[in-house]
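K.L.:
Quick check, what structure comes out for this input:
(one chain, ligands or ions: 1)
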Amino acid sequence: MLSRPRSTVARIARVFTTLALGIAVATTSSVTAFAQNVPVVRDAEIEALVRDYARPIFKAAGLANDGIDIVLVNDSSFNAFVTGRRLFINTGALMTAETPNEIIGVIAHEAGHIAGGHQQKLRDQLERAKTMAIIATLLGAGAIVAGATTNSRGLAGAGMGVAAGGGEMAQRSILAYQRTEETTADRSAITYLNATGQSGMGMLKTFARFQSALSLSGTQVDPYRISHPMPQERIANLEVLVKQSPNVDKVDPPALQQRHDMMRVKIAVYMEGQATAARLMQKMRGSLAALYGDAQSTYLYGDITSALAKANALIKAQPKNPYFQELRGDILMKANKPKDAAEAYAKAVSLDPARSGLLPVSLGQALMAVGTPDSLKKAVVQINNGLGRDKENSEGYRYLAQAYGELGDIPGAELATAEGHFYSGDYKDAKIFAMRAQQQMKRGEPRWIRAQDIINYKASSKI
Ligand SMILES: [Zn+2]
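P.N.:
Numbering: from 1, shown residues only. Model prediction:
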């Protein structure tokens, strides 16, 4: 009865479970393929980490430092881009960087572009646009650059027509910085890194790699390299600045490096498959990150009892790590123990300093799977709690709609479906469901008003 929003967003650790529950139309054998076809991945741990990288830099740059949204673009090329409050970063960039400092340096450079007012007009347009529309444009541009068209149909779906509107303009002009702007951004980046007591070596290493001839030989062209001109002279000037800094030899704090390693292992396991993950874990042999990867890999591909034992060992090593609890919850869901999973997710929610909206939604899903009327009501509370923290989680609305449906609240289910379409940028379907919801609501009640907002929404945010 309820049509499912076409979800183009996957939670990184949820892909498998979602398939196992039969919610997504795909077979379990295509986990990796499925993961590779979604343009955006959501993950509480990675989003929190990248936000922690960005926060001090944004503060030093005098930019809004509260509520930065991290958008993880599922693409193995290197790219990073900041609109006003959203930081888009490719999983490929995170995988390439061996240290936090390499990513922090790139974020500092991007902050330099913002502070310098470079591409301000385009940036303002992007800031008004929905995340998924920007993704479609960015990936579309990248795909064209790389001459790869295999993903274009899927991405056209993700763009929901918005990219087809003014998108071409954005594709032509997006991120095409001038050389003088690059110099300015490099200088600003060094200022921010100095202000936060960090080295510029990571930035230098990253940019020097783009500059080297090696990067030309690959089949994949990094969009970042296309948009940021990197002549030899620029790298040479940057090197002087970096080496003049008193922080040149500073390294990332060990705890931050550990989080970075755990992030890379996670991306490898969930997005890049067993072989890549195994190679990375081999390099990190004996570390907590390697054990984390092993537990995740066992959860995805191995024995579930063994996976649970490995997750428990991780929790013993770091009892306050919310993401180890989250993994334990994921494993218990797969083991069809939703009540125990709900307990693990509840711990994850209470331990999470970043207050991610994703974890309450996972808790809600576990409570839905418990299936009693009482747990369904609790599920609705948790999912709404998660969506309150994170309105653009279109997948969350799908679960909310399902929970309302199972409770017999049909207008609630239809409004949640409308929200899911709305935040995916699919305004036509959003309006259809909002109107259907309204027919069964009292005129003027809060939910009716929200439905009316969706109906009245003018898609003026074209890019
Ligand atoms: Zn640049």
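
K.L.:
From here on, just use CA atoms for contacts and neighbour counts.
P.N.:
OK.

K.L.:
residues from this structure in reach of the ion?
P.N.:
182, 228 (C-alpha under 5 Å from the ion).

K.L.:
For the stretch 1-150 of the chain, just list every one of the helices.
P.N.:
Using DSSP state H, counting those that start in this stretch, the helices of the stretch 1-150 of the chain run over 15-20, 31-37, 44-60, 91-96, 100-115, 120-128, 131-146.

K.L.:
so what's the residue of the stretch 51-200 of the chain found nearest the ion up against?
P.N.:
Residue nearest to the ion within the stretch 51-200 of the chain: residue 182 (4.7 Å; C-alpha to the ion). Contacts for residue 182 (C-alpha atoms under 8 Å, 6 or more residues apart in numbering) come out as 113, 228-229.

K.L.:
rerun that using 10 Å as the cut-off
P.N.:
Counting by C-alpha atoms under 10 Å, 6 or more residues apart in numbering, residue 182 touches 109-110, 112-113, 118, 188, 228-230, 234.

K.L.:
For it, identify the helix or strand it belongs to.
P.N.:
helix 179-195 (DSSP states H and E).

K.L.:
Report the buried residues of that helix.
P.N.:
181-194 (16 or more other C-alpha atoms under 10 Å).

K.L.:
What separation is there between the residue of the stretch 51-200 of the chain closest to the ion and residue 231?
P.N.:
10 Å (C-alpha to C-alpha, to the nearest Å).

K.L.:
Please name the nearest non-neighbouring residue to residue 389.
P.N.:
Sequence neighbours aside, residue 357 is the residue nearest to residue 389 in space, at 5.0 Å (criterion: C-alpha to C-alpha, 6 or more residues apart in numbering).

K.L.:
low pLDDT regions in the chain?
P.N.:
For the chain, the stretches with pLDDT under 70 are 1-10, 12-38, 65-66, 136-176, 213-221, 459-463.

K.L.:
How is it partitioned into domains?
P.N.:
40-130+175-218, 254-456 (the TED database).

K.L.:
of all those, which lies closest to residue 243?
P.N.:
domain 40-130+175-218 (8.1 Å; C-alpha to C-alpha).

K.L.:
Next, give phi and psi for the residue nearest to residue 389.
P.N.:
Dihedral pair for residue 357: phi -80, psi -10, per degrees, to the nearest 10.

K.L.:
Wait, it touches residue 364, no?
P.N.:
No - using C-alpha atoms under 10 Å, residue 357 is not in contact with residue 364; the gap is 11.2 Å.

K.L.:
The two: which has the busier surroundings?
P.N.:
Set side by side, residue 357 and residue 364 show more neighbours around residue 364, with 31 against 24, by other C-alpha atoms under 10 Å.

K.L.:
any idea which helix or strand comes after the one helix or strand residue 363 maps to?
P.N.:
Using DSSP H and E, residue 363 maps to helix 358-370. Using DSSP H and E, the helix or strand that follows helix 358-370 in sequence is helix 373-389.

K.L.:
Tell me what angle that following helix forms with helix 358-370.
P.N.:
160 degrees (axes from the mean of the first three to the mean of the last three C-alpha atoms, to 10 degrees).

K.L.:
Buried residues in helix 373-389, which are they?
P.N.:
375-387.

K.L.:
Return the member of those residues nearest to the ion.
P.N.:
So of these, ranked by how close each gets to the ion (C-alpha to the ion), first place is residue 387, at 33.9 Å.

K.L.:
Spit out the contact partners of that closest one.
P.N.:
356-358, 360-361, 381, 393-397, 400.

K.L.:
One more: residue 407?
P.N.:
Residue 407 neighbours (C-alpha under 10 Å, 6+ apart): 371-374, 376-377, 380, 401, 413.

K.L.:
Can I get the strand or helix carrying residue 243 in PDB, CA atoms only?
P.N.:
Using DSSP H and E, residue 243 sits in helix 232-244. The C-alpha coordinates for helix 232-244 follow below in PDB (Å, rounded to 0.1, in the frame of the first residue of the first chain):
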ATOM      1  CA  GLN A 232      54.800  22.600 -10.100                       C
ATOM      2  CA  GLU A 233      55.400  26.200  -8.900                       C
ATOM      3  CA  ARG A 234      52.400  26.100  -6.600                       C
ATOM      4  CA  ILE A 235      53.600  22.900  -4.900                       C
ATOM      5  CA  ALA A 236      57.100  24.500  -4.500                       C
ATOM      6  CA  ASN A 237      55.700  27.600  -2.900                       C
ATOM      7  CA  LEU A 238      53.500  25.500  -0.600                       C
ATOM      8  CA  GLU A 239      56.400  23.500   0.500                       C
ATOM      9  CA  VAL A 240      58.300  26.600   1.600                       C
ATOM     10  CA  LEU A 241      55.300  27.700   3.600                       C
ATOM     11  CA  VAL A 242      54.800  24.300   5.200                       C
ATOM     12  CA  LYS A 243      58.500  24.000   6.200                       C
ATOM     13  CA  GLN A 244      58.600  27.500   7.700                       C
END
